[in-house]
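1. Below are the sequence and a predicted model; questions follow.
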Amino acid sequence: MSDFDLTKTRMMQGIWEGVLTPKTGKTVVPEVRVSHHEQDVAGTEIKENKDAGHWLLRVPVPVDAVSDGVQTIVIQDAKTGDQLGQFCLIAGEAVGDDIRAEISLLRAELDMLKRAFRRHCLETM
């Protein structure tokens, strides 16, 4: 079990940013492993914010992650191996096959079925 919680703050200009907050009052410096396709992401930075009692995590988006399909960058606690978080990039032709597009189509079909069912119920009364 990791000693930290990770909260995303923003992603801007190719840099993903988040806050690592200790779960307990410990002042242990976090050690994270950020990877894309099992390869470590270079340039990852952790800076302590002493006033707030947490650490700022900055992860540059790897150039090879900017490609067709869904690319996932995983953030893990290096000591325990627990996953703290992840973020995804979606681009190119695979976006049409994305699960969110499928869910949107299913919602539209469900709405159509609900309207038809309600209409049928009103007609049979």
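-> Nice, I can see it.
2. show me where pLDDT drops low in the protein?
-> Residues of the chain meeting the criterion pLDDT under 70: 26-27, 93-98.
3. is it true that Leu56 touches Asn49?
-> Yes: using C-beta atoms under 8 Å, Leu56 is in contact with Asn49, at 5.8 Å. C-beta coordinates here come from the backbone N, C-alpha and C atoms, glycine included.
4. now Asn49, which residues is it bridged with?
-> His54 (DSSP bridges).
5. Count the residues that sit near it.
-> Using other C-beta atoms under 10 Å, Asn49 has 11 neighbouring residues.
6. before we move on, which element is the residue nearest to Leu56 when sequence neighbours are not counted in?
-> Among residues not flanking Leu56 along the chain, Lys47 sits closest, at 4.8 Å (C-beta to C-beta, 6 or more residues apart in numbering). Using DSSP states H and E, Lys47 sits within strand 45-49.
7. so what does that strand touch, helix or strand wise?
-> Strand 45-49 makes packing contacts with strand 54-60 when contacts are defined by 3 or more C-beta pairs under 8 Å, 6 or more residues apart in numbering; DSSP states H and E.
8. Render the CA-only coordinates of the helix or strand just after the strand it packs on in CSV, please.
-> Beyond strand 54-60 in the direction of the C-terminus, DSSP H and E gives the next helix or strand as strand 69-77. Extracted in CSV, the C-alpha atoms of strand 69-77 (Å, rounded to 0.1, in the frame of the first residue of the first chain):
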residue,chain,number,x,y,z
GLY,A,69,-4.8,5.2,-30.6
VAL,A,70,-5.1,5.3,-26.9
GLN,A,71,-1.8,5.8,-25.1
THR,A,72,-1.6,5.3,-21.3
ILE,A,73,1.1,6.7,-19.1
VAL,A,74,1.2,4.9,-15.7
ILE,A,75,2.3,6.5,-12.4
GLN,A,76,3.4,4.1,-9.7
ASP,A,77,5.0,4.2,-6.3
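9. Going by contacts, tell me the helices and strands next to the helix or strand where His120 lies.
-> Using DSSP H and E, His120 falls within helix 99-124. Counting contacts by 3+ C-beta pairs under 8 Å, 6+ apart, helix 99-124 packs against no other helix or strand.
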